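Engineer: Only the shape, not the letters, is given here:
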């Protein structure tokens, strides 16, 4: 998937992709490496300027389109996917700084030139040059760090240290600003890089930008990450295509599980980077604190594009490491992007510091919320606030607000936009929507496939908390492979007799009822002949035995079922339809909107409080690296929610959330364990959290099973 979400954004992405393919063939870029390094512009630049794609974000009065940073990020991502050569990124970066922070007189002089095709570049850091106050401005001397696009730029945005801060300024070589550009051999062969040497250059006040180094760094992170996402996606798609056709040992290599998992992991990491890049661009429209946090995440995850590039080189094998293959050109660009954003450790520590004082807030704006819904919900919740907990729950159930996505009369058939309104109002009222825990898996199946009597018997009491549920699916020999279950259901007078053993059943000792899969036709193929039952957990023949876990707790149980009678009225659907109904259960989340909106996910910074201050630099760096994954995961959820609200098909985010969640949990809990040193040898705290990790990794399918699912069902690799 790309950064684009809406149909208009997808149209823009397609237009940029088509333009790049027509005007910037990689073969032509290869033939011009020396010219590019010297700062010469290729014909593709003039073609781009003619379409004003480089100026989509600049104000309309200057000739731009006045688009948001998200649209610019889409342009950069698509251009990077096609390895568009030349100064697109540095010109767009410098243009945004001038448009947003320059005095009006300077902006009105320079921005029309940029729209017309003048090239520009901006430094990411102010390190190197020194500025001394001198009427009527500053005198600046020194040499910058490498600046992307400086050799080809006419307009330069640079920074200098003043002793008590930094000053950012604009130089225009066409206006006589004398600077020495020192060309360097670029890692990224598709564009130039150079240092800029200043010798007592006078910069007047009208050329000073009203921005600090943090603002420059944040903007660079957002735009560079957008390109990194495009590079990662090209690597992912190219490596996948190769895995589908390359044969070894008489089989395509994509059929080997090791390669399948490699492709799935590259895909998941690419999706994570894309989500972070999108979130950074979208956060530009929020307050500076939110933009800084989202941009810091993007800056840390930009490194992953280089890692994906290396993985793709090895996926191609020897041919991928040859000069003739294009993969190393994308790998080089990814390396360059990450390097220009500064040392990895600094980026990680910066993110960790931000995450300790700022929480990421996604503003969910609704263009077409249901008329009158918000006021009705507000009034209902105001009435509920004064009630005791039991009465309040009954009231919310009666109003259809306990599970508003359910059909009437149990809910109000709320669509995604209505669900968002309701959740927002619950948060505003300081109330929490009731939960039915496992009932949130059972009820959707009963409501969709059950009889009227079953719906009437179970829906209301479950929502009111009068009935609790457990799930009798997994067996000792049928965990991820539920189709191999052996629990039998034999027809009896008026019902069925069930015999078998279930395991890993949460809350079985406390549950009133269970949803249970049992085989009613042992002669049918694996996925056939399974039926879906509602089992009274107080029935004779039910024996629940708690399983003590490695952490000392008793969350799970094994359940022995011996001649348990289940009446016909407790069979959901027809005999043999259990597998289809189970897919409804397993595929259902209580409501995807509620699962993501407003929910606070644990972050590494939560574990730092116990360490006190100062936190060691190496701990902050590790904290920042893990925080990037956690906040990018939240951005993936947000993208999925926006698709739902817009009525679009779920994107690839839905397929990788389980994998990314597992990665994040492993990294976070393992790191927290290490941060506490000898204290972690005492049971409790981080050790307890680490010992409680396996259910997260195993429940709903192990990480390896999820990678197989992505490889086969999402990426189309052979079994």
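Structural biologist: Right, received. Where do you want to start? Fair warning: this is a prediction, and the values are worked out from it, not measured in the lab.
Engineer: So what are the sheet partners of the helix or strand where residue 121 lies and their directions?
Structural biologist: In this assignment (DSSP states H and E), residue 121 forms part of strand 120-122. Using DSSP bridges, strand 120-122 pairs in its sheet with strand 155-161 (parallel).
Engineer: taking the mean pLDDT, what do you get for the partner strand?
Structural biologist: Computed over strand 155-161, the mean pLDDT rounds to 97.
Engineer: May I have the strands that pair with the helix or strand just after that strand, each with its orientation?
Structural biologist: Next along the chain after strand 155-161, taking DSSP H and E as the criterion, comes strand 166-172. When pairing is defined by DSSP bridges, strand 166-172 lines up against strand 155-161 (antiparallel), strand 208-209 (antiparallel).
Engineer: Report the outermost residue of the chain with respect to its centre.
Structural biologist: Going by C-alpha atoms, centre = their mean, the residue of the chain most distant from its centre is residue 493, 53.1 Å out.
Engineer: quick one: it from residue 144, how far?
Structural biologist: The gap separating residue 493 from residue 144 is 88 Å, by C-beta to C-beta, to the nearest Å. The C-beta positions use only the backbone N, C-alpha and C, and glycine is treated the same way.
Engineer: same check, this time on residue 521
Structural biologist: Applying C-beta to C-beta to residue 521 and residue 144 gives a distance of 75 Å.
Engineer: The two - which one has more neighbours?
Structural biologist: residue 144 (25 against 13; other C-beta atoms under 10 Å).
Engineer: okay but that one is in contact with residue 184, surely?
Structural biologist: No - in this structure, residue 144 is not within contact of residue 184 by C-beta atoms under 8 Å, at 11.4 Å.
Engineer: Which neighbours do the two have in common?
Structural biologist: Residues touching both residue 144 and residue 184 (C-beta atoms under 8 Å, 6 or more residues apart in numbering): residue 195.
Engineer: Any regions of this protein where pLDDT drops low?
Structural biologist: 480, 585-601, 648-654, 700 (pLDDT under 70).
Engineer: so the spatially most central residue of it is in which element?
Structural biologist: The centroid of the chain falls nearest to residue 636 when counting by C-alpha atoms, centre = their mean (3.0 Å). Using DSSP H and E, residue 636 sits within helix 617-645.
Engineer: just to revisit the earlier point, so for residue 315, which of the strands paired with strand 166-172 sits nearest?
Structural biologist: Proximity to residue 315, assessed across the strands paired with strand 166-172 by C-beta to C-beta, is greatest for strand 155-161 (38.4 Å).
Engineer: how distant is the closest one from the center of its chain?
Structural biologist: 33 Å (C-alpha atoms, centre = their mean, to the nearest Å).
Engineer: Residue 670: what's its closest spatial neighbour, skipping adjacent residues?
Structural biologist: Excluding the flanking residues, the one nearest residue 670 by C-beta to C-beta, 6 or more residues apart in numbering is residue 690, at 6.7 Å.
Engineer: The one you found - that's part of a strand, no?
Structural biologist: No - read with DSSP: H, G, I helix; E, B strand; the rest coil, residue 690 is helix and lies in no strand.
Engineer: Please report the distance of it from residue 706.
Structural biologist: Counting by C-beta to C-beta, the gap from residue 690 to residue 706 is 21 Å.
Engineer: Between these two, point out the one with more neighbours.
Structural biologist: Between residue 690 and residue 706, counting by other C-beta under 10 Å, residue 706 is the more crowded of the two (24 against 20).
Engineer: That one and residue 698, how far apart?
Structural biologist: Taking C-beta to C-beta, one finds residue 706 at 11 Å from residue 698.
Engineer: Of all the residues in the lengthiest helix in the chain, which ones are buried?
Structural biologist: For the chain, the longest helix by residue count, based on DSSP state H, is helix 213-245. Neighbour counts over helix 213-245 (16 or more other C-beta atoms under 10 Å) mark 213, 215-240, 242-244 as buried.
Engineer: Kindly report the domain assignment for this protein.
Structural biologist: 121-212, 373-434, 443-587 (automatic domain parsing).
Engineer: Tabulate those (CSV), appending distance to residue 83.
Structural biologist: Formatted as CSV, those follow (distance: least, C-beta to C-beta, whole Å):
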stretch, distance to residue 83
domain 121-212, 6
domain 373-434, 37
domain 443-587, 39
